[in-house]
Structure formats: C-alpha cells, structure tokens
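Novice: any chance you can model this:
(one chain, ligands or ions: 1)
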Amino acid sequence: MNVLSRLQAAFQSVLENMVPEHGPYLEMIRPAQDARFGDYQANMAMPLGKKIGLPPREVAQKIIDQLDISNWCETPEIAGPGFINLKLKTDWIANELSTMLKDPNLGVSSAAAPKTYILDYSSPNVAKPMHVGHIRSTVIGDSLARILRFVGHRVITDNHLGDWGTQFGMIIYGYKHFVDEERYKRTPIDELGRLYRFVRRLMDYHYSQASLPDLSSQIFKLAEQAKQKEEQLEGAAKPDAKKLRKELARLNEKRKDTQNQLAKAEQLIQDVEQDESLLQVANAHSGINQAVLNETADLHAGDPTNRQLWDEFLPACRDDIQKIYQRLDIDFDHELGESFYQPWLGEVVEEFKSRGLATESDGALCVFLDAFDSPMIIQKRDGAFLYATTDLATIRYRMQKWNPDVVLYVVDHRQHEHFAKLFAAADVWGYEQTEFRHVAFGTVMGPDGKPYKTRSGDTVGLEGLLDEAVQRARSVVDQNLEKSADLKFEEAERQQIAEVVGLGALKYADLSQNRASDYEFSYDKMLALKGNTAPYLLYPYARVNGIFAKGEIDSSTFRQAVKGLTLDRDQERRLGLLLLRFENALAESLVDYTPNTLANYLYELTAGFGQFYEKCKVLEAENETARQTRLALCDLVRRTLKTGLSLLGIDVVERM
Ligand code: ARG
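Specialist: Have a look, this model is predicted:
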C-alpha cells in the first residue's frame, strides 16, 4: 500500500481541472512532521493560489470540496495560510495492516509497467588489491538491484571488471623479473599481489624522480607570481584589490597543492632509498615505466607469452575477489570484463568514423560533443583504444542483447566527466531512448579527513577490513551478552552473530549515507548500539522473536488467526502508519537511486517501535484485543525490518 501515491491520485483528479501542469503540486503532499497537523499535509494551495489568483485558503477549500477520500480519510482541515491537513481513518489503517499481515510481500505491489534495468557496479580493476572504495560501488549497486527486483522490474547485473589494463602489464613485468616461483605455486594470488605492489613501488620511485625538477620549478614560479601580486596589491584601489586578493589566494592554494605533491614524491623516493638492496633493484630497472607500458601493449597486440600469462593470472585474480563477494553475499548475473569487448573495439571505432561521428585531431580519433570543451578520445595516435572505447562497445553489446530501458553505472563521482561524455556519445549514436545514469558516490574518509587507507597503506586489503569489522562486532556482542545472563549463547552462535552484525554494520554505515557525500569510516560509529546503525536496527527483530518465543506463539498460525486490529493507543496508531510507509520508502529510494532513503525509513521504523514498546505491554496487554493488535504490530515490524534490511543486502540474527 502506497498511501502517498493514493493521496496523490485523489488530488490529481481535482487539480487536473484547476491547472494544466499539476505534477509539481502533487509533490507537495508529504507525511506531516508533527502529529497535531494530521498524518499527511498538502501545501499546494499557497503556490496554486498565486498562480490562479485566488486566496490560498479559498483554493484549499475548493480542493477539499472536490476531493474524494471520505472512505479512508477524515474530513480534511485547513490550517494557517492554507495548509491542508489530512488524517487517515484509524479503522482504515487497521484494515490495511491486517491485509499486510497476511501478505508475504507486506502489501508492496508489483510495478505496473516493469522496466529492464542493467546495473553496472563493483567493477574493480583486478590484479590490484581491492580497497575500501570498492565496497561503496558493490553495496550500493547490490542494494539497488535488490530493491528494483523486489518491486517487480527486470534486473540484469553485470560486473564490468577491469581485466585488461596496465595493472596486467605490471604483473607481467613483475612475474618476468621478480617472481618467487615457490610462493607463486603455493599461493598465486598472494604472490601476484606482492608483485603488483613491488612494481608499483619501483614505478612510483622513477616517476617521482622524474617529476622533481618540474615540481620544484613550478613552486618557484608560483611563488614569484604570488610576490608580484602582493606588490600590486599594495598600491591597488579597492575594486582591483578584491580581484587581486582572489588571484593571490588561488596562487597560494596551487602552490600548496604542488608542495604537497613534491613532499609525496620525496617520500616515495626516500622509501626506496632507505633500503640499499631495493635501491639497487630500482636502479637496475630504470626503464620500468616504459617497459610496463610495452608489456601491456604486447598483451593487447596478442603476444603469445603475455597472453598465456594473462590467461594464467586472470582466474587467480577472479578467485580472489570472489572470496570477498561470497562473504558479502553479492553475486552477479554476468561478469563481462573489459577484455570481453576487445574483439569489437575496431568495429566500433570504424562505425563512428564512417558515420562521421568521430574525426581525427592531432592523430587521435575524437568524438566532439556539444556542451563539452574537450572531445572524447576513442583511439590514440598509436592505435591504442581507451577506457571510453570499451564502454562504447559495452553499450552496443548490452543494447543488442538486453535492450534495456535504463542502465545504471554505480561508479565513483570522479568519473563524472567520462560518463557525461559517454552518455552524450550514446545519444548521437542512436541510443537516445535508453536512460543512462551515473549513480555517483563520494569518498570513504579516514578519521584524519583524508581518503581512508587500510592499515599501513595497502598491506591489509579489503578482506582484512571485513575481518576487523567481524572481530570488533564480536567484542560488542560478548559485552552485550554479559548483561543478559539468562540467555545462553554457545561459541558458534556468538561467532555467527558477530559475522552478521559486523558485515551488516559495514554495509549499513555505507548505505545509510547520502551516496553523493563523503563519509567517515569508523568501526566505533558503525557498531554503536544506539543511533542510525545496523546493530540498532537488528535489535527489534531479535526482540520480537523473543516475545513470540516467550508467549509460545507460532507466527504463521497467529497471522492467519488475527481477526482485526484496534489501534486505540497513540503509539499503536503511529507505528501502524509508519508500517504503511514501507512501499513508499521503496519507491522513493528509486527516484534518484538512493538506498539511504530506505535505510532512513527503517531507522524511523525502529525508533517508532521503540516508543511503542516503551508504552505498550505486549504479552501482558490489558485485554485480548490489545494483545492481538500489538503482537500483529510487532510481527509486521520484524518482517518489514527483515525484508528492508535484506534489500540493503543485510542479514538478520534470530536473537542477540
Ligand atoms: N574499473 C573501473 C574502475 O575501477 C570502473 C568501471 C565502471 N564501469 C564502467 N562501465 N566503466 O575505475
């Protein structure tokens, strides 16, 4: 049951006869912030009055007179300048809750016009260690896929693995020069990881060396320019001074950035130089940066040795990330990585050329797009294809195979420009019917306000992160159980609870944030028992199980037997209303693909349950009708939480 849509539909029939463009006015119906103003509030009379030239209260009255909702709402009231306060009939709420109680789908109806969605998410560059940033794309994409499926859409998930990039040139080079055969045979992925990091270090060393002179002279130049500005400022008149000060600030900012870059480069150099034998290796491989590019180019050109190594490495890399997915309960319908599209890149480029969509510029093949200063390059001067070329081929393949209505790319916001251009190119290519969306997200930050790095930079990968979350959850669980001495929990159950709570907390910390913003990674915050956290949301589920167990009530027999609900108490009615908002929360989380909308709803529901539970005895209710009603509310809360959490990819525990 989507109460809001139902109200909107009722208002729509009225507004249709008053204004041609009524859509935005319907958006102005919202759940009331304060119970004194009813359950929902409609605020369109004010702007509408302005538009049609009538006093808002009069407009409100006109709307009310024509509104056909008397079957399920009390007579609306007009408040203040023209707010329309709407109150649902309590009997009607009770009735809807009874229906919801008996419906395995909790009253959520299936999409009237199902669409085909392709979701491109996770998509790590394999052969590089996965890092915390990959969690975001993975859990956001997974959750959106689950919600879309739940409401009845056709969903195809595809992990667009980066399995063809320079990182393979790096491990091929590493393998050829530095492999520890013994170790590679025993634990290939560990050895490949080591090789990746080792080559990365050598490359960084040489890059940094090469960049020093340039960085220093840039800093010098910026300092000179700043000095000049300062001198100009001394004698400048007011309007000029303002402009000069701005320019000065910009120069100083830039100098600071460059100084930071220089410091970082010096650090990377020092790290190598401190280690005598490493320095020797670095010097013996002074051409490593070019050599790695060559290894990559050879792989792409079909060199048999490199191709054979790639064939050998790839399964190990896939196994490695598979472990993470398994633990996080993530799976994909397809995992068509970048390598899959290589055979068609030439064709795609040819098509762009022959249809005049791409033109040569400076030897490179470019797609010039309106509204962009720089073109999208699809083939470099040396003939190499790019990330964008693969993405074009991917679009063509997906369109031919699945003909989607919507394609979502759940990718870091830093790739904004890439996707904006890609989608513009898809339009001119002829796919303007399909909606392409970059579902962008912000950065995971550490407590120092910088992008979060796993311990000691990179040695503890994503797996270590998951382990730590579980381990910390375990101590929270243990501490908590000490307080409830009457319950017995064996070791295995404690560990299972810790696993669910730890991983759930990790996912929830991410999904409860507005995806566009950066958020701070903190084990303490995500595992707190109070506040908007997974442990807080998991608690009522276990508690309701406890109530049913204590009352020796069989849940499904109970659901079938319930006659009707009576919402006499305020807390009961309010909780009932909250439960009826589930479908709306799902719909809203799909408007702009924001799982946090669902998370926040579940948080509100949990808080509402807390208020109810504090005031209303359940098993010892004052009479049988109240007992039935409260048990029904409890049951609906636990099922809504379980389903809602499962749509965020989070499991529940039976008791905790
Ligand atoms: N592998 C890319 C990266 O790690 C993300 C790929 C996203 N998907 C896409 N179709 N471009 O940055």
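Novice: helices of the stretch 201-350 of the chain, start to end?
Specialist: With DSSP state H, counting those that start in this stretch as the criterion, the stretch 201-350 of the chain has helices at 238-273, 276-284, 288-301, 304-328, 345-354.
Novice: buried stuff in the longest one?
Specialist: Read it as helix 238-273. By neighbour count on 16 or more other CB atoms under 10 Å, the buried set for helix 238-273 is Leu244, Leu248, Leu251, Arg255, Thr258, Gln259, Gln261, Leu262, Ala265, Leu268, Ile269, Val272. To be clear about C-beta, it is placed using only N, CA and C from the backbone, and glycine gets the same treatment.
Novice: who touches the fifth one in this structure?
Specialist: For Thr258, the contacting residues are Leu215, Gln218, Ile219, Leu222, by CB atoms under 8 Å, 6 or more residues apart in numbering.
Novice: try 6 Å this time
Specialist: Contact partners of Thr258, counting by CB atoms under 6 Å, 6 or more residues apart in numbering, are Leu215, Gln218, Ile219.
Novice: in the stretch 451-600 of the chain, which spans are helices?
Specialist: 462-483, 491-511, 523-526, 534-550, 555-561, 570-579, 582-591, 595-615.
Novice: out of these, the one nearest Val406 is which?
Specialist: Of all these, it is helix 582-591 that lies closest to Val406, at 10.2 Å by CB to CB.
Novice: so which elements touch that closest one?
Specialist: helix 595-615 (3 or more CB pairs under 6 Å, 6 or more residues apart in numbering; DSSP states H and E).
Novice: now the helix it packs on against helix 582-591, angle please.
Specialist: Orientation check (axes from the mean of the first three to the mean of the last three CA atoms, to 10 degrees): helix 595-615 against helix 582-591 gives 160 degrees.
Novice: what mean pLDDT does whichever helix or strand comes after helix 595-615 have?
Specialist: Using DSSP states H and E, the helix or strand that follows helix 595-615 in sequence is helix 624-647. Across helix 624-647, the average pLDDT comes to 97.
Novice: what do you get for stretch 561-578?
Specialist: On average, stretch 561-578 scores 95.
Novice: kindly report the same for stretch 21-37.
Specialist: Across stretch 21-37, the average pLDDT comes to 91.
Novice: show me what counts as buried in that stretch.
Specialist: For stretch 21-37, burial by neighbour count (16+ other CB under 10 Å) applies to His22, Tyr25, Leu26, Met28, Ile29, Pro31, Ala32, Phe37.
Novice: shouldn't the first one be in contact with Val14?
Specialist: No - in this structure His22 lies outside contact range of Val14 using CB atoms under 6 Å: 8.9 Å.
Novice: residue ranges with poor pLDDT in the protein?
Specialist: 454-460, 485-487 (pLDDT under 70).
Novice: who in it is up against the ligand?
Specialist: Asp120, Ser123, Pro124, Asn125, His160, Gly162, Asp391, Thr394, Tyr409, Val411 (CB under 6 Å from any ligand atom).
Novice: in a markdown table: these, plus secondary structure and neighbour count.
Specialist: Below are these laid out as a markdown table (DSSP: H, G, I helix; E, B strand; the rest coil; neighbours: other CB atoms under 10 Å):
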| residue | secondary structure | neighbour count |
| --- | --- | --- |
| Asp120 | strand | 25 |
| Ser123 | coil | 22 |
| Pro124 | coil | 23 |
| Asn125 | strand | 18 |
| His160 | coil | 24 |
| Gly162 | strand | 19 |
| Asp391 | helix | 25 |
| Thr394 | helix | 23 |
| Tyr409 | strand | 23 |
| Val411 | strand | 23 |
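Novice: and the residue in the stretch 1-150 of the chain that the ligand sits nearest to, what does it touch?
Specialist: Using CB to the nearest ligand atom, Ser123 is the residue of the stretch 1-150 of the chain that sits closest to the ligand, at 3.7 Å. Contacts of Ser123 were listed using CB under 6 Å, 6+ apart, and they are Asn159, His160.
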